[in-house]
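**Student:** Provide a 3D model corresponding to the input given below.
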Amino acid sequence: MDERRKDIRVRARIPCSLMVSATGKRFPGNTRNISFGGAEFEASESLTRAGQAVVVGTPVIVSFMPRRGGNYLELKMPCRVRFVAANYAGLEFTATMPTPEERAALRTMLETRSNRFD
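**Tutor:** Now for the predicted structure:
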């Protein structure tokens, strides 16, 4: 198998949502795996339903709600859809230069495999 990933993927079910940039349509769900380069997203509904289908190449934003103690911080990562199948989508993070805060939040999610930072 041809492995093209630059970053190691970690299996992790982290609550998040996917928003289609052009329409604002949101899909709640979880990651199946995540890396510094992207994530596999599992939606709670079909991503291929007629009239609201997400297609390869679509710009989207995946939002995480990491929490530290009782405080939540919304982390929005711009992405491009790399594959879609039923309620799954492969996402490639497209931010060329994540902020130090975004990179630290991603690192913590990868290390803890969760959205809890405490």
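**Student:** show the pLDDT at Val56.
**Tutor:** Val56 is assigned a predicted lDDT (pLDDT) of 96.
**Student:** heads up, I number from 23, so please use that
**Tutor:** Will do, 23 is the new start, and the previous item becomes Val78.
**Student:** which residue packs closest to it, ignoring adjacent ones?
**Tutor:** Of all residues not flanking Val78 in the chain, Val103 sits nearest, at 5.5 Å (CB to CB, 6 or more residues apart in numbering). Bear in mind the C-beta positions are built from the backbone N, C-alpha and C, glycine included.
**Student:** tell me which strands the strand or helix carrying the one you found pairs with, and in which orientation.
**Tutor:** Under the criterion of DSSP states H and E, Val103 resides in strand 97-107. The strands beside strand 97-107 in its sheet (DSSP bridges) come out as strand 81-86 (antiparallel), strand 110-115 (antiparallel).
**Student:** pLDDT of the last one, averaged?
**Tutor:** Yep, that's strand 110-115 we're talking about. 96.
**Student:** what's in contact with the strand holding Val103?
**Tutor:** Outside strand 97-107, the residues within contact range by CB atoms under 8 Å, 6 or more residues apart in numbering are 43, 60-61, 69-70, 75-88, 111-117, 120, 124, 127-128.
**Student:** flag every buried residue along that strand.
**Tutor:** Neighbour counts over strand 97-107 (16 or more other CB atoms under 10 Å) mark 97, 99-103, 106 as buried.
**Student:** between those residues, which is closest to Lys47?
**Tutor:** Val103 (12.8 Å; CB to CB).
**Student:** tell me the spacing between that closest one and Glu133.
**Tutor:** Per CB to CB, to the nearest Å, Val103 is found 26 Å from Glu133.
**Student:** nearest to Arg54, of the strands paired with strand 97-107?
**Tutor:** Among those, strand 110-115 comes nearest to Arg54, with 7.3 Å by CB to CB.
**Student:** can you find the helix or strand in this protein with the smallest mean pLDDT?
**Tutor:** strand 89-90 (a mean of 78; mean pLDDT, DSSP states H and E).
**Student:** which strands or helices does the helix or strand just after it pack on?
**Tutor:** Scanning forward in sequence from strand 89-90 by DSSP H and E, the next helix or strand is strand 93-94. On a contact count with 3 or more CB pairs under 8 Å, 6 or more residues apart in numbering; DSSP states H and E, strand 93-94 meets no helix or strand.
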